[in-house]
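> sequence below, structure please.
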Amino acid sequence: MPRSVNRLLTLSALMASFAATSHAAAASLADNLPAGALLTLESRGAGPAFDRLLGLVGQIGKAAGQNDLGSVTDVAGGILKGTLGQEGVAGVFSVGTPKGGFTPALLAVSRTNADARNFLADTLPRKPGAKIGGYTFVRDNDMFVGLSNGLVYVSSDKGLLMGYLSRLNGSAGARLNASPAYTTPRRAVGQQELGLYVNFSATAKVVRGQLGKLLLPRLFSPIVDALGTLGTYAAGFSTTQQGLTAQSAHLPNAAGKDGPLYSILTHTTDFAVQNIIPASAVSVSAAACAPESRGYLGRWLTRFDLFDPTGFLTDSQLAANLEKSARYLGDECAQAVLPGTDGLNGLNVSYQSVTDLNAARIHMPQFAAALNTALQGVPGSLDELYGKISALSGSGGTSGKGRVSQAQRSLQLSTQAQLDTLKRSLGKLKFVYAFRGDYVVTAYGEQALAAALADGPGLGGETLADDADFMAADLSVQGVSAWQYGRAPEELTSDAFLKALNASGQLQQAGLSEKMFAPLAESFTDLYNRYKGMSSQSTVENGLILSRSSVRYDW
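Prediction:
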């Protein structure tokens, strides 16, 4: 055979070998995860995300005078970028126990660069270990760890780790990426810097098996039914120079035992609520609330009202009122935050479409009266509850002579201060409502309701639907399950931030004064002012709930 042909064949073989090696290197670490993962956390090319997030932490440290924090974040950032910044995956699995039960087990694997390998090599125990193909591992207390061929891996279960390493060496075995429960939502999400996968249905099966060993499995059965109906969920986000983008895909289990929950999760509607929300709204979150959602929530509240220590659920007859409201409320629900007076705390208002205004006008006064009466009784119930708890624990924390210790006294004072703050907040709440067009507008304060009614159609002001920024977000509001919109808030000064914190009592609860917190205020307001708004859209396609979000942030 001519020498030139030999060279050509040799070169072709080398190129084929190189292509195969490159493909293997490009394969995801998650490809070799065993089937049956309850949860996974994944990263790929996440170096930019760690740079940006740790950069913000470093800025806060400098503002607080913690200059050493910058060095710590530099070291941590180097290790993260040299491991998870390249690629990493961690999974939680259910493995059998010798007694026939199940226990959660962890398996985590990450690629490493040279610097990370040098650092990690010094932390691993130096002793003989087991070997599977080209991969070795040793036992370190209750964990099994190893560092080979550019990978670092750790597991709480030996069999789980051995199975993974065997797959890396080409062995056959059931893999997670062969399961539609995993691949359907993960492919919809696409490649992201950081990702998450949760299998609620598989978790429900494990929990149901464990409940079979308890005396009262029926008590928890509805919870497990709901968990199993949630199906599987995948999400991820990636940072960009303009902020970050996020994707999620939720695949509810159509064969789940909680049929109403499945209907609620996959419900869609045509939204018109944006036509009555004032254009000044700082943020809006709208969702398609299925007709059965209120009765469904009411049934859950009935199950748990006996466990309510304040008696609020019983006094307000909340479950019964929710079921009554289902007769006249439509399937548009929205929560809006309107501009507040202090530049930081907004005014929260809710909107719900109404299908029968006459029925709504009859029931809403009864609902508001019952709810407000119950709210007024909560502070007294909290005092009574706290008194009972204090009486039961009165002997704890005392000195040998029966006197209350200093630590116990400090805890009592701190708890009482927090309780007083909560009671003051509850004392300001009053459920109020008004009708605007085919919607009922509700709030927990007259100021918030007034702000919602002070602008909009018929009052010479613009609505959210007319707002240029909202229109620029290009959100679809027809035949969707949810959407969100948030504009860039007004610029916040450190003085206003400190004033708001001081007025809310948060500084006092933390044991800080304005002077002590002032160095951090400038940094926090800087981070706050970098936020430039967000938008999010959720649709339902063949039972798959797809959400796409974009957050604008000046890193």
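> contacting residues for the closest residue to residue 113 other than its chain neighbours?
Of all residues not flanking residue 113 in the chain, residue 82 sits nearest, at 4.3 Å (CB to CB, 6 or more residues apart in numbering). C-beta coordinates here come from the backbone N, C-alpha and C atoms, glycine included. Residue 82 makes contact with 112-113, 115-117, 119, according to CB atoms under 8 Å, 6 or more residues apart in numbering.
> mind redoing it with 10 Å?
Residue 82 is in contact with 47, 110-120, counting by CB atoms under 10 Å, 6 or more residues apart in numbering.
> widest-spaced pair of those?
Using CB to CB, the two most remote members of the contacts of residue 82 are 47 and 118, lying 18.1 Å apart.
> same drill for the two, tell me which one is more crowded.
Taking neighbours as other CB atoms under 10 Å, residue 47 and residue 118 compare with residue 47 leading, 16 against 11.
> residue 445 versus that one, what's the distance?
46 Å (CB to CB, to the nearest Å).
> again with residue 81
According to CB to CB, residue 81 stands 47 Å off from residue 445.
> which one of those two has more residues nearby?
Counted by other CB under 10 Å, residue 81 and residue 445 do not tie: residue 81 has more neighbours, with 20 against 16.
> in three-state terms, label the more buried one for me.
helix (DSSP: H, G, I helix; E, B strand; the rest coil).
> surely it meets residue 111?
No: Residue 81 is beyond contact range of residue 111, at 11.3 Å (criterion: CB atoms under 10 Å).
> how about the helices of the stretch 401-550 of the chain, start to end?
For the stretch 401-550 of the chain, the helices defined by DSSP state H, counting those that start in this stretch cover 406-427, 446-453, 468-472, 494-504, 506-509, 514-529.
> for residue 128, which of those helices is the nearest?
Comparison of the helices of the stretch 401-550 of the chain against residue 128 by CB to CB identifies helix 406-427 as nearest, at 48.8 Å.
> in the closest one, which residues are buried?
Neighbour counts over helix 406-427 (16 or more other CB atoms under 10 Å) mark 408, 426 as buried.
> neighbours of the residue lying closest to residue 518 once chain neighbours are set aside, how many?
Excluding its sequence neighbours, the residue lying closest to residue 518 (CB to CB, 6+ apart) is residue 498, at 6.6 Å. For residue 498, the count of nearby residues is 21 (other CB under 10 Å).
> got a pLDDT number for residue 498?
What the model reports for residue 498 is a pLDDT of 85.
> what's the answer for residue 522, then?
Residue-level confidence at residue 522 comes out at 84, pLDDT.
> neighbours around it, how many?
With other CB under 10 Å as criterion, residue 522 counts 14.
> I'd say it and residue 497 touch.
Yes: at 8.9 Å, residue 522 and residue 497 qualify as touching, with contact defined as CB under 10 Å.
> helix or strand: which one has residue 345?
Residue 345 belongs to no helix or strand when assigned by DSSP states H and E.
> then the one 3 residues further on?
Counting by DSSP H and E, the element that carries residue 348 is strand 347-354.
> what does residue 121 give?
Per DSSP H and E, residue 121 falls inside helix 114-123.
> check which residues of that helix are buried.
Using 16+ other CB under 10 Å as the test for burial, helix 114-123 gives 116-117, 120.
> again with stretch 271-291
By 16+ other CB under 10 Å, the buried positions in stretch 271-291 come out as 271, 273-274, 276-284, 286-291.
> if we can go back for a sec, the helix holding residue 121 packs against which elements?
Using 3 or more CB pairs under 10 Å, 6 or more residues apart in numbering; DSSP states H and E, the elements in contact with helix 114-123 are helix 67-82, strand 102-111, strand 143-148, strand 151-155.
> please save the CA atoms from that helix in CSV.
Listed next in CSV are the C-alpha coordinates belonging to helix 114-123 (Å, rounded to 0.1, in the frame of the first residue of the first chain):
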residue,chain,number,x,y,z
ALA,A,114,-5.1,22.2,37.8
ASP,A,115,-5.3,24.8,40.6
ALA,A,116,-8.5,23.2,42.1
ARG,A,117,-6.9,19.7,41.9
ASN,A,118,-3.8,20.9,43.8
PHE,A,119,-6.0,22.4,46.5
LEU,A,120,-8.3,19.4,46.8
ALA,A,121,-5.5,16.9,46.7
ASP,A,122,-4.2,18.3,50.0
THR,A,123,-7.6,17.9,51.6
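> give the other helices and strands that the helix or strand following that helix contacts.
With elements assigned by DSSP H and E, the helix or strand that comes after helix 114-123 is strand 130-132. When contacts are defined as 3+ CB pairs under 10 Å, 6+ apart, strand 130-132 sits against strand 135-140, strand 143-148, helix 158-168.
> nearest to residue 100, out of these?
Comparison of the helices and strands packed on strand 130-132 against residue 100 by CB to CB identifies helix 158-168 as nearest, at 16.1 Å.
> how close does residue 282 sit to residue 348?
Residue 282 is 10 Å from residue 348, by CB to CB.
> between the two, what contacts are shared?
Taking CB under 10 Å, 6+ apart as the contact rule, residue 282 and residue 348 both touch 336-338, 340.
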